[in-house]
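K.L.:
no sequence on this one, just coordinates:
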């Protein structure tokens, strides 16, 4: 692999600990009922539609028509979205900071995230200001693993894919990035990530 000059980070699941269960464990007393709701009502496909640019108003309407008995729980997904955030993965933030402090590297973020909820994260997490640029899927009506979003971030920020690496916790997104021609590594743990980056000859 060529010398890496640019690191592109995914956010949720890599740097930020986000999970709807942090909220819904407060709403459902029964874990099994909560899991049914998150797998059948406000499931990940439904959530990803907002990541792709659909408004929560439209998304809520879709599931309210199918599951009117869950109105309170459905509306909480957006109204109490901030309660799905459980802080940061500090060991990964430390890796990010090492790149920020090293003039050899440029750092960017590519995230599947709703345009309506991303401002909450921006306000809460100071390290999001470290990036030279952040491409938010919901703002551009594209989302990973669509190759068009990888193409867009490279074009928007004048990034050479031959000298870049993408980090994501989703194997699907990593595979799509590699197929597109943007080298990528899957995030599992901070320790493993550091090892992977060192193997690429990077200074971490």
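P.N.:
Looks like it arrived, so ask away. Owing to the predicted nature of the structure, the values given are computational and were not obtained by experimental measurement.

K.L.:
I'd assumed residue 11 was in contact with residue 109.
P.N.:
Yes. Taking C-beta atoms under 8 Å as the contact criterion, residue 109 and residue 11 are neighbours in contact, 5.6 Å apart. Placement of C-beta: from N, CA and C, glycine included.

K.L.:
Would you agree residue 8 falls within a strand?
P.N.:
Yes. Going by DSSP: H, G, I helix; E, B strand; the rest coil, the assignment for residue 8 places it inside a strand.

K.L.:
on that earlier part again, give the residues shared as contacts by residue 109 and residue 11.
P.N.:
128, 134 (C-beta atoms under 8 Å, 6 or more residues apart in numbering).

K.L.:
Residue 166 in helix, strand or coil?
P.N.:
Secondary structure for residue 166, judged by three-state DSSP, is strand.

K.L.:
if I look at the spatially closest residue to it that is not a sequence neighbour, how far off is residue 60?
P.N.:
Once its chain neighbours are removed from consideration, residue 166 has its nearest residue in residue 184; the separation is 4.0 Å (C-beta to C-beta, 6 or more residues apart in numbering). Per C-beta to C-beta, to the nearest Å, residue 184 is found 33 Å from residue 60.

K.L.:
swap in residue 43?
P.N.:
In terms of C-beta to C-beta, residue 43 sits 14 Å off from residue 60.

K.L.:
what about stretch 135-149, average pLDDT?
P.N.:
Stretch 135-149 shows an average pLDDT of 98 in the prediction.

K.L.:
Would you mind listing the buried residues in that stretch?
P.N.:
Buried residues in stretch 135-149, counted by 16 or more other C-beta atoms under 10 Å: 135-138, 140, 142-145, 149.

K.L.:
just to revisit the earlier point, between residue 184 and residue 60, which is the more surrounded one?
P.N.:
With neighbours defined as other C-beta atoms under 10 Å, residue 184 and residue 60 compare such that residue 184 has more, 22 against 19.

K.L.:
in this protein, which spans are helices?
P.N.:
Along the chain, the stretches classed as helices by DSSP state H are 21-27, 31-40, 44-51, 56-66, 71-79, 90-100, 118-124, 137-140, 147-156, 171-180, 190-199.

K.L.:
which outside residues touch the last one?
P.N.:
When you say that, I think you mean helix 190-199. 89, 91-92, 94-95, 165, 167, 185, 187, 204.

K.L.:
Make JSON lines out of those residues and add distance to residue 19.
P.N.:
Putting those into JSON lines (distance: C-beta to C-beta, whole Å) gives the following:
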{"residue": "89", "distance to residue 19": "12"}
{"residue": "91", "distance to residue 19": "18"}
{"residue": "92", "distance to residue 19": "16"}
{"residue": "94", "distance to residue 19": "21"}
{"residue": "95", "distance to residue 19": "21"}
{"residue": "165", "distance to residue 19": "26"}
{"residue": "167", "distance to residue 19": "19"}
{"residue": "185", "distance to residue 19": "22"}
{"residue": "187", "distance to residue 19": "15"}
{"residue": "204", "distance to residue 19": "27"}
